[in-house]
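Visitor: this one's structure only:
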């Protein structure tokens, strides 16, 4: 937003994406990579992921098909597993992870072995990002700590509400008993 004495200028920037990546977990000891994200377009499904070098973007170091992907259509989340990916860790060049999608997600057979060769030319490139651990482990820990504190706070508030309801019920019961006890003394 920009302004001066005569006018105000408001600019909205919109971005249309079919998916977002929530986290990338790289484990160099086990030679594995796990990519977790969400599909924003219900008509699309994650079909393939590949890791490429930044300098040679047309050549895949490793490519996975739906056999190594899980997608929860209801929650719009996906998880992709690169196992035995030693080739990715052989050198220290910068690498990118590419996520390809296609329409009709209900027809994609996730977790089932598929001997067909994946042709990325027939798919839609939905996201390309540097192959880095994110969120950073420190940020991830801080986020988890914040979530735990928030949960504890909500549980404490719920406990106080329940105690208040019990207290109110006890008071009502005592008020209801007083008229009965007054008649007994007569």
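Guide: Right, received. Where do you want to start? Bear in mind that the values here come from a model prediction, so they are computed numbers and not experimental data.

Visitor: residues touching the residue nearest to residue 46 when sequence neighbours are not counted, list them.
Guide: Of all residues not flanking residue 46 in the chain, residue 78 sits nearest, at 4.6 Å (Cβ to Cβ, 6 or more residues apart in numbering). The C-beta positions use only the backbone N, C-alpha and C, and glycine is treated the same way. Residues counted as contacts of residue 78 (Cβ atoms under 8 Å, 6 or more residues apart in numbering) are 19, 36, 37, 38, 39, 46, 69, 70, 71, 72.

Visitor: residue contacts, the last one?
Guide: Residue 72 makes contact with residue 78 under the criterion Cβ under 8 Å, 6+ apart.

Visitor: So for it, what pLDDT did the model give?
Guide: According to the prediction, residue 72 has pLDDT 88.

Visitor: what are the ranges of the strands in this structure?
Guide: With DSSP state E as the criterion, the chain has strands at 2-3, 8-9, 19-27, 32-39, 44-53, 60-64, 69-72, 77-82, 95-103, 124-130.

Visitor: Using the record's domain definitions, break this protein down for me.
Guide: 19-134, 136-186 (automatic domain parsing).

Visitor: closest to residue 6 out of the ones you listed?
Guide: domain 19-134 (39.3 Å; Cβ to Cβ).

Visitor: That closest one: how far from the chain's middle?
Guide: The chain centroid and the centroid of domain 19-134 are separated by 14 Å under Cα atoms, centre = their mean, to the nearest Å.

Visitor: can you list the domains of the chain in TSV and add distance to residue 8?
Guide: Shown next, in TSV, are the domains of the chain (distance: least, Cβ to Cβ, whole Å):
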stretch	distance to residue 8
domain 19-134	31
domain 136-186	35
